[in-house]
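> Following is a predicted model, sequence given first.
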Amino acid sequence: MSDADRRPEPPHPMACCQGNCVPCVFDLHEQELERWEHRRAERARQQLTSNGRSPLDVLRERMR
């Protein structure tokens, strides 16, 4: 697993300076986490469609 595939680690609780920074380190982490989740979902979608099967085909096979 490459570093890009790993879930982003949250910042240490003491990383926030409580100075009402915009963006806060926790805001940046949330954005990074959303990008990671999007990449992961896109990769899963590509894997399902790259072998010629649609997500519906996969569900039908699993229900048999």
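Cool, got the structure. Residues are numbered from 1 along each chain as shown.

> for this protein, which helix is longest?
helix 25-50 (DSSP state H).

> Using neighbour counts, pick out the buried residues of it.
His29 (16 or more other CB atoms under 10 Å). C-beta here means a position set from N, CA and C on the backbone, and glycine is covered the same way.

> That helix - contacts with which helices or strands?
Counting contacts by 3 or more CB pairs under 8 Å, 6 or more residues apart in numbering; DSSP states H and E, helix 25-50 packs against helix 55-63.

> Which elements pack onto the helix it packs on?
Helix 55-63 packs on helix 25-50, going by 3+ CB pairs under 8 Å, 6+ apart.

> Can you report how many residues neighbour Pro11?
Neighbour count for Pro11, taken as other CB atoms under 10 Å: 13.

> Leaving out sequence neighbours, find the closest residue to Ser54.
Leu48 (7.2 Å; CB to CB, 6 or more residues apart in numbering).

> For the residue nearest the centre of the chain, give me the pLDDT.
With distances taken as CA atoms, centre = their mean, Glu37 lies nearest the centre of the chain, 1.5 Å away. We have a pLDDT of 95 for Glu37.

> Equivalent analysis for the one 5 residues further on, please.
Each residue has a pLDDT score; the one for Glu42 is 89.

> Now for the chain, the helix or strand with the poorest mean pLDDT.
Every helix and strand of the chain was ranked by mean pLDDT, DSSP states H and E. The lowest is helix 55-63, at a mean of 82.

> Give me the pLDDT value at Met1.
We have a pLDDT of 67 for Met1.

> rewinding a little: output the least confident helix or strand of the chain as PDB, nothing but the C-alphas.
Output of helix 55-63 as PDB, limited to C-alpha atoms (Å, rounded to 0.1, in the frame of the first residue of the first chain):
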ATOM      1  CA  PRO A  55     -22.200  -2.600 -10.100                       C
ATOM      2  CA  LEU A  56     -25.700  -4.000 -10.800                       C
ATOM      3  CA  ASP A  57     -24.100  -7.100 -12.300                       C
ATOM      4  CA  VAL A  58     -22.000  -7.600  -9.200                       C
ATOM      5  CA  LEU A  59     -25.000  -7.300  -6.900                       C
ATOM      6  CA  ARG A  60     -27.000  -9.800  -9.000                       C
ATOM      7  CA  GLU A  61     -24.100 -12.300  -8.800                       C
ATOM      8  CA  ARG A  62     -23.900 -11.800  -5.000                       C
ATOM      9  CA  MET A  63     -27.600 -12.400  -4.600                       C
END
